Each structure stands twice: as structure tokens, then as C-alpha cells.
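Visitor: sharing a model that was predicted from the sequence below.
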Amino acid sequence: MKNELIPLSVCEKQIMSILWERQPEDIDLYQVQTRAKERFGKVWKLQTIATFLKRLENKKYISVYRVGRYSHYHPEVSLVEYRSKEFEDLVKECTEQELQLLIKKIEDYKKIKSPEEM
């Protein structure tokens, strides 16, 4: 796992979630735009999406390659890697009492949700 993952903004997380859901396929700018509107109700201009994608590339979350005139984007950090790092960071910030509460909440959540919903 990449231990030095740079935190993502909310919009960058949304873009990454679009890339992760499309795996193993890679995705182009227009597909990101369409999916962002469908999933999040975001009406981003192509330049805005391109800026987010460039930031993600600079943070080493994605790689970019060209097919003809179009750039395609591929996640270099998996969802599992990202979530693991997020959880690790959360645990580091918590006190023992907060960790116990978190564990209890997770257990309560697991009791409520069926395995198919998790």
C-alpha cells in the first residue's frame, strides 16, 4: 500500500469513486462528466473535471494515457488501499475511548445491515 497518500478533497473523492466503480475499465473525461451528473448531480464543465483529474495525477492516485485524441484515466490507488489509509489515519487520531465507541458503532451497524447491504 502507498503509505504516503495525500488527502483528497470532496470533489477528488467523487471523481475517484467514479473511476473505482468503472474498474477494470478506464474512463475518459466525457464519461467522468456524465457519471458525475448522474451520481452526484454535479454539472461540472470539462475544464473543471480536467483540473480535478490533473490534481489526482499529481497526487499519484491516477495515471493518464492517450487513445487517439482522448485521454483515459486509470486509478493507481485501489479503493481498498484508500479506505485502509483513511481508517488508519482515523485510528491514529482517536483516543482509546473514541476507539471503543467506534468499534461499538461498527458492531451495531453490522447487526442492522444484512451482508448483501454491506
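Guide: Thanks, I have it.
Visitor: what ranges does the chain have for its strands?
Guide: Applying DSSP state E to the chain gives strands spanning 27-28, 62-67, 70-75.
Visitor: with mean neighbour count added, can I get those strands in CSV?
Guide: C-beta: built from backbone N, CA, C; applies to glycine. Formatted as CSV, the strands of the chain follow (neighbours: other C-beta atoms under 10 Å):
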stretch, mean neighbour count
strand 27-28, 18
strand 62-67, 13
strand 70-75, 18
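Visitor: how about those strands in TSV, adding distance to residue 15?
Guide: Output for those, formatted as TSV (distance: least, C-beta to C-beta, whole Å):
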stretch	distance to residue 15
strand 27-28	10
strand 62-67	9
strand 70-75	9
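Visitor: of those, which is nearest residue 35?
Guide: Nearest to residue 35, of all those, is strand 27-28, at 7.7 Å by C-beta to C-beta.
Visitor: helices or strands up against that closest one?
Guide: Under the contact criterion of 3 or more C-beta pairs under 8 Å, 6 or more residues apart in numbering; DSSP states H and E, strand 27-28 touches strand 70-75.
Visitor: what's next to the strand it packs on, contact-wise?
Guide: Residues outside strand 70-75 that contact it (C-beta atoms under 8 Å, 6 or more residues apart in numbering) are 16, 19-20, 23, 26-30, 32, 53, 56, 61-66.
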